[in-house]
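*Asks:* pasted the sequence and its predicted model underneath.
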Amino acid sequence: MKKEQFIFLKSKVSDANPNVHKDTLNFLNELHYADIDFDANIFFIESGGTEEIFRSIYKDYKEPYYLIATEANNSLPASLEIVSFLNLNNLENKLFHGHPNDVRNQLIKAKEDTPSFYRELNLKDKILDNMNLGVIGKPSDWLISSLVDYKEVKDKFGANLIDISFEEFKSEVEKAPYDESSPYFEFKNKIINKDEIKLALKIYHALKVLIAKYNLNALTVRCFDLLSTIHSTSCLALAILNKDGIVATCEGDVPAMLSMCIVKKMFNESSFQSNPSYVDIKNNSAYLAHCTLPLDMCSSFRLDTHFESGIGVGIKGEMFEKRITVFKLSSKLDKFAVFTGKIRSNLNESNLCRTQINVEFDDPVSLLLSSPCGNHLVIFYGSYKDEILKKLSYK
């Protein structure tokens, strides 16, 4: 096994963001980690997209696995996916996050245990019976703890997962017609040009074709492959589809899609597939962010670029400052997390995905770091924790 104390992980996509290296150096300078004595390798997660990198090297290092996540550059959501992966494989780990002084104190107290958010899943009936759910391209490589068993989905929920190749999707985008009379073309408060919007709407049209062809009730897209092939993103398309009642998620995240389908089925509510980007344990709150948002979940929005790549069309939405419920299935489909909170404010941070909110939680937010629900959380308006517990914990 290797003996290095610090291992730094950064994705290739993050190289386009000059703040990544600077943010890391600033954090380490404030941390003063050299005088801490700990018997573990520490992985510094500099950016999002590092999950597959971690999975390719983790066996070279011994337990426990310690991770440090900052509040910038999607470091935290990547770390949560890694911790979820380690938990699934029963590997000892700890995640440290917050201000450098807080991280230093957490490192010193690293042996303390914390309870879990998760509840056992016990269903009375197949809640998604006969629904067709499209998986367009395979899940993104970094979703290392978010792969599901298709047969288990059918047996437990009644839903059919239908694989659709990325090549077929790309072909539909390339031949998609475009109508400039589209009501989605002349968005107000946009800062990107019409050619970008036109391409984003071609992606929307292609998804509509696949929905009709495969009779889909929901879909998830391996969207980052669009960056290198179509040179755009699916953020706008997913925002429109969710508003229109078709559950649509990004990154090929099947547990997130299933979670959003359950929310839609139970409450007829749209939901926001968000990255937990910063956890503030002192104030029991977290920043949640992503570049797509159902258009019926915001009071207003403007179009921006996609955060990580700086291309395509992302959604900068202003969400309502309301009570919310957070819900997420585990990838093994045997447990789920549910908790409540309130949106305190919308944010405008330069180092996060475009739609950003600050949420104050009713449950201890520190549990997100010890028993995360993978890379994404699904949030929707209203306080429905009791109803979810009653429906999904039936015995």
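*Replies:* Okay, I see it.
*Asks:* near the residue lying closest to Y58 once chain neighbours are set aside, how many other residues are there?
*Replies:* Excluding the flanking residues, the one nearest Y58 by C-beta to C-beta, 6 or more residues apart in numbering is Y65, at 6.7 Å. C-beta: built from backbone N, CA, C; applies to glycine. Neighbour count of Y65, defined by other C-beta atoms under 10 Å: 22.
*Asks:* make residue 1 into 712 and carry on from there
*Replies:* New numbering, starting at 712: the last item is Y776.
*Asks:* from T960, how far off is K862?
*Replies:* Between K862 and T960 the computed distance is 21 Å (C-beta to C-beta, to the nearest Å).
*Asks:* in terms of packing, which of these two has more residues around it?
*Replies:* Per other C-beta under 10 Å, whichever of K862 and T960 has more neighbours is T960, with 29 against 9.
*Asks:* so who does the more buried one touch?
*Replies:* When contacts are counted by C-beta atoms under 8 Å, 6 or more residues apart in numbering, T960 touches A929, L930, T931, V932, L949, A967, M968, M971, Q984.
*Asks:* and I779, that one's in a strand?
*Replies:* Yes - assessed by DSSP: H, G, I helix; E, B strand; the rest coil, I779 belongs to a strand.
*Asks:* OK, contacts around R1055?
*Replies:* Counting by C-beta under 8 Å, 6+ apart, R1055 has contacts S996, E1032, I1068, N1069, V1070, E1071.
*Asks:* for the host helix or strand of it, buried residues please.
*Replies:* Assigned by DSSP states H and E, R1055 belongs to strand 1046-1057. Across strand 1046-1057, burial judged by 16 or more other C-beta atoms under 10 Å covers K1046, F1047, A1048, V1049, F1050, T1051, G1052, I1054, N1057.
*Asks:* nearest to V920, of those?
*Replies:* Nearest to V920 among those, counting by C-beta to C-beta, is F1047 at 33.0 Å.
*Asks:* do I have it right that the closest one meets L1100?
*Replies:* No - at 9.3 Å, F1047 does not count as touching L1100 under the criterion of C-beta atoms under 8 Å.
*Asks:* tell me, what's touching those two both at once?
*Replies:* In contact with both F1047 and L1100: R830, using C-beta under 8 Å, 6+ apart.
*Asks:* for the chain, where's the lowest mean pLDDT among helices and strands?
*Replies:* None of the helices or strands of the chain scores lower by mean pLDDT, DSSP states H and E than helix 730-742, at a mean of 69.
*Asks:* helix or strand right after that helix?
*Replies:* Using DSSP H and E, the first helix or strand after helix 730-742 is strand 752-756.
*Asks:* and that next one, what's its mean pLDDT?
*Replies:* For strand 752-756, the mean per-residue pLDDT is 89.
*Asks:* immediately after that strand, which helix or strand?
*Replies:* Proceeding N to C from strand 752-756, the next assigned helix or strand is helix 762-768, under DSSP H and E.
*Asks:* longest single helix anywhere in this structure?
*Replies:* Identified as the longest helix of the chain according to DSSP state H is helix 905-925.
*Asks:* residue boundaries of the helices in the stretch 962-1106 of the chain?
*Replies:* Listed from the start of the chain, the stretch 962-1106 of the chain has helices (DSSP state H, counting those that start in this stretch) covering 965-978, 1078-1081, 1096-1103.
*Asks:* same for the second one, what does it pack against?
*Replies:* So the one you mean is helix 1078-1081. Applying 3 or more C-beta pairs under 8 Å, 6 or more residues apart in numbering; DSSP states H and E, one finds that helix 1078-1081 contacts helix 786-799, strand 804-808, strand 983-991.
*Asks:* in its sheet, which strands sit next to the last one, and in what direction?
*Replies:* Strand 983-991 has its sheet partners listed here by DSSP bridges as strand 996-1001 (antiparallel), strand 1088-1092 (antiparallel).
*Asks:* next: the shortest one.
*Replies:* The strands that strand 804-808 pairs with in its sheet are strand 776-780 (parallel) (by DSSP bridges).
*Asks:* under the pLDDT cut-off, which ranges of the stretch 762-911 of the chain? List them.
*Replies:* 821-828, 853, 856, 889-902 (pLDDT under 70).
*Asks:* all the strands of it, residue numbers only.
*Replies:* 776-780, 804-808, 829-831, 843-847, 871-875 (DSSP state E, counting those that start in this stretch).
*Asks:* return the most buried member of these.
*Replies:* strand 776-780 (a mean of 26; mean count of other C-beta atoms under 10 Å).
*Asks:* ok so, going back, what two of the contacts of T960 are the furthest from one another?
*Replies:* Maximum distance among the contacts of T960 (C-beta to C-beta): 13.3 Å, for V932 and M971.
*Asks:* now do stretch 921-931: everything it contacts.
*Replies:* Outside stretch 921-931, the residues touching it (C-beta under 8 Å, 6+ apart) are 842-847, 850, 873, 875, 879-880, 883, 918, 952, 957-965, 967-968, 971-972, 975.
*Asks:* using CSV, write out every CA atom in it.
*Replies:* The C-alpha trace of stretch 921-931 is given here as CSV (Å, rounded to 0.1, in the frame of the first residue of the first chain):
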residue,chain,number,x,y,z
LEU,A,921,-37.4,9.4,-27.8
ILE,A,922,-40.2,9.9,-25.3
ALA,A,923,-42.7,9.2,-28.0
LYS,A,924,-40.8,6.3,-29.6
TYR,A,925,-40.3,4.4,-26.3
ASN,A,926,-43.5,5.6,-24.5
LEU,A,927,-41.4,7.1,-21.7
ASN,A,928,-42.8,8.4,-18.4
ALA,A,929,-39.4,9.6,-17.3
LEU,A,930,-35.8,9.7,-18.5
THR,A,931,-32.2,10.3,-17.4
